[in-house]
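Asker: Turn this into a structure:
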Amino acid sequence: MLTAAAASHGAHTAVHGTAGNTGATYTELTEASADFARQAQRAGVRRGDTIGLLSDNRLEFVISLFGLSSLGAVAAPIDPRLAPGEVRTRLQAVGARAVLTTTPPENDIRSVPAFHVRAHRGSHGLALTLTTDPHTSLADRGQGSPALPPGCELILFTAGSTGRPKAVPLTGTNLGSSVGGVISSLRLGASDATLLAMPLFHGHGLMGGLLATLASGGRVALPSSGRFSAHSFWPEMTDLGATWYTAVPSIHQILLLRASSEYPGPREAPLRFIRSCSAPLSAATAQKLTSAFHAPVVRAYGMTETAHQTASAQLNNLTGSDERYVGVPTGVEVGITAPDGSSVPIGEEGEIVVHGASVMPGYLGDEPAEPALAGGRFRTGDLGRLDSDGALYLTGRIKELINRGGEKISPESVESVLAQHPQVVQAVAFGIPDPLYGERVAAAVTLAGGSTATPDALREFCGKHGSGILVPDRIMIVPRMPLTAKGTADRRVLACRATSGEGRGAGAAVIQSPRRPAH
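Answerer: Here you go, the predicted model:
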């Protein structure tokens, strides 16, 4: 992707420097990546090796990624905020021969040799220096990797929001299909630019932000802090001349919360569109985004197992306001099945299954492919429906459905009602254990500054604007939501807090009220 883009846009800026950080043209990025590949080869990295990549959104990550690719090695990006023990576990899971880090590595992760990388400008232009430990050598280390599928170029970890993270090997075909779908859906081109708010160790930031932009000849900016910062977001977007950004709903909501004091206005920050993916976006939030930032919102749907994008609204056809609508399949075939695996009629709800070029070959290591992947058809665990035009509507997640005395309640439906309240910034619903009904409905909300809304008032609002089953038994007001690594709300943590009663003070409140039995 980079080589093809450099052939057409060599002198154009690929990576925009922010707050004094080094930027790069397409030619410089290509040359620096090739030079880094030679350094890595001299250090003992071989074709087919799996190399961990422990970095925030920094130029070192970008150059290392392309350098390893040109060498024929497989990059395995890992969240640098993980505890050393978790990093070590992930390195072992992918059989990494070494790990590249942008900061001096913790001794506790050194189950494999750790190399420090640093991007800088020297007399010969942009370069990435690889510093090796004189006491460490790769020369005598065996491969030690789980068997990789043919054509594997990248290993990503799932977010682990419904279980322990799984290692997902992705091939060049997988990546090309997903990236091509993003470019086509958004009509990206060389005049576009985006700030990478999403982490590059997940598919949303990597494929949806970095690779899609570079493959289309556009410009990316890496946050000066290495990760999303609401404080610096709009200054850096304005400095870049950004035309769009992609993020999870929690980031959109943070930006909305601060918009009155920090958004510079449509003249200083003119956006073609805003993209939302990785979690459901309520209609209320989408409406607020368009109103506040003067740009249409493009919903997309995807997951690590499909190299990020599976479906997307098309920028030239943003019809309808149904918050469950996530567009049309991009580069894949999507079906809806009943629990027994049979297809359901058009318009009826069932499990979303995906087949096509972007679907992973299978989980890495000891993770069983069945029943998630059978015959090349990936069972997503998500619930949805297709209409007669082939558009996909996401209605929930099987494992997150709240089972209250036999009633199956979608958390997204509860969240949608709460999000309509004018003082609610973010709402997350989840199930909590109950001795009588098995589960009850609970929710956590964050409120706008100066809000006087109480749990009682919020429950009353839900009763007026939604059906009785969508009124939470418990509402917890929290100052901020706990997030997973990719930036989505962590329902498991919230459920533990609500069950234990944590957060009753310090700006949080919980209420429980009796409910009529399920019929």
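
Asker: Any idea how far apart the tips of stretch 339-353 sit?
Answerer: 12 Å (CA to CA, to the nearest Å).

Asker: tell me which residues in it are buried?
Answerer: 350, 351, 352, 353 (16 or more other CB atoms under 10 Å). In short, each C-beta sits where N, CA and C put it, glycine included.

Asker: Distance of the third one relative to residue 317?
Answerer: Here the criterion is CB to CB, to the nearest Å. By it, residue 352 lies 21 Å from residue 317.

Asker: The first one now?
Answerer: Between residue 350 and residue 317 the computed distance is 25 Å (CB to CB).

Asker: so the residue lying closest to residue 33 once chain neighbours are set aside, which of the three states?
Answerer: With sequence-adjacent residues excluded and distances taken as CB to CB, 6 or more residues apart in numbering, residue 33 is closest to residue 66, at 3.8 Å. The local conformation at residue 66, judged by DSSP: H, G, I helix; E, B strand; the rest coil, is helix.

Asker: Going along the chain, name the helices of the stretch 401-519 of the chain.
Answerer: Ranges of helices in the stretch 401-519 of the chain, per DSSP state H, counting those that start in this stretch, are 411-419, 455-465, 491-500.

Asker: Which one, of these, ends up nearest to residue 148?
Answerer: helix 491-500 (30.7 Å; CB to CB).

Asker: which helices and strands does the closest one pack with?
Answerer: Judged by 3 or more CB pairs under 8 Å, 6 or more residues apart in numbering; DSSP states H and E, helix 491-500 is in contact with strand 424-434, strand 438-447, strand 474-477.

Asker: I'd like those strands as CSV, with mean pLDDT, mean neighbour count and distance to residue 345 appended.
Answerer: Formatted as CSV, those follow (pLDDT from 0 to 100; neighbours: other CB atoms under 10 Å; distance: least, CB to CB, whole Å):
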stretch, mean pLDDT, mean neighbour count, distance to residue 345
strand 424-434, 92, 22, 29
strand 438-447, 92, 23, 29
strand 474-477, 94, 23, 37
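
Asker: Contacts for stretch 235-243 next, please.
Answerer: The contact list for stretch 235-243 (CB atoms under 8 Å, 6 or more residues apart in numbering) reads 16, 18-19, 191-195, 219, 221, 223-224, 245, 264, 268-272.

Asker: Which residues are in contact with the closest residue to residue 381 other than its chain neighbours?
Answerer: In space, and not counting its chain neighbours, residue 381 is closest to residue 398: 5.1 Å by CB to CB, 6+ apart. With contact set as CB under 8 Å, 6+ apart, residue 398 has these partners: 351, 381, 382, 383.

Asker: Correct me if wrong: the last one contacts residue 399.
Answerer: Just to be clear, that refers to residue 383. No - Residue 383 lies out of contact with residue 399 (CB atoms under 8 Å); the separation is 10.2 Å.

Asker: Neighbour count: the two, which is higher?
Answerer: Between residue 383 and residue 399, counted using other CB atoms under 10 Å, the more crowded position is residue 383 (22 against 11).

Asker: and that one, bridged to which residues?
Answerer: residue 351, residue 396 (DSSP bridges).

Asker: Enumerate every residue touching it.
Answerer: Contacts for residue 383 were tallied using CB under 8 Å, 6+ apart; they are 349, 350, 351, 352, 394, 395, 396, 397, 398, 401, 410.

Asker: related to what we said a few turns ago, next, format the helices and strands packed on helix 491-500 as a markdown table and append distance to residue 53.
Answerer: Listed next are the helices and strands packed on helix 491-500 as a markdown table, based on distance: least, CB to CB, whole Å:
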| stretch | distance to residue 53 |
| --- | --- |
| strand 424-434 | 31 |
| strand 438-447 | 33 |
| strand 474-477 | 37 |
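
Asker: Out of these, the one nearest residue 173 is which?
Answerer: Proximity to residue 173 (CB to CB) singles out strand 424-434 among those, at 35.7 Å.
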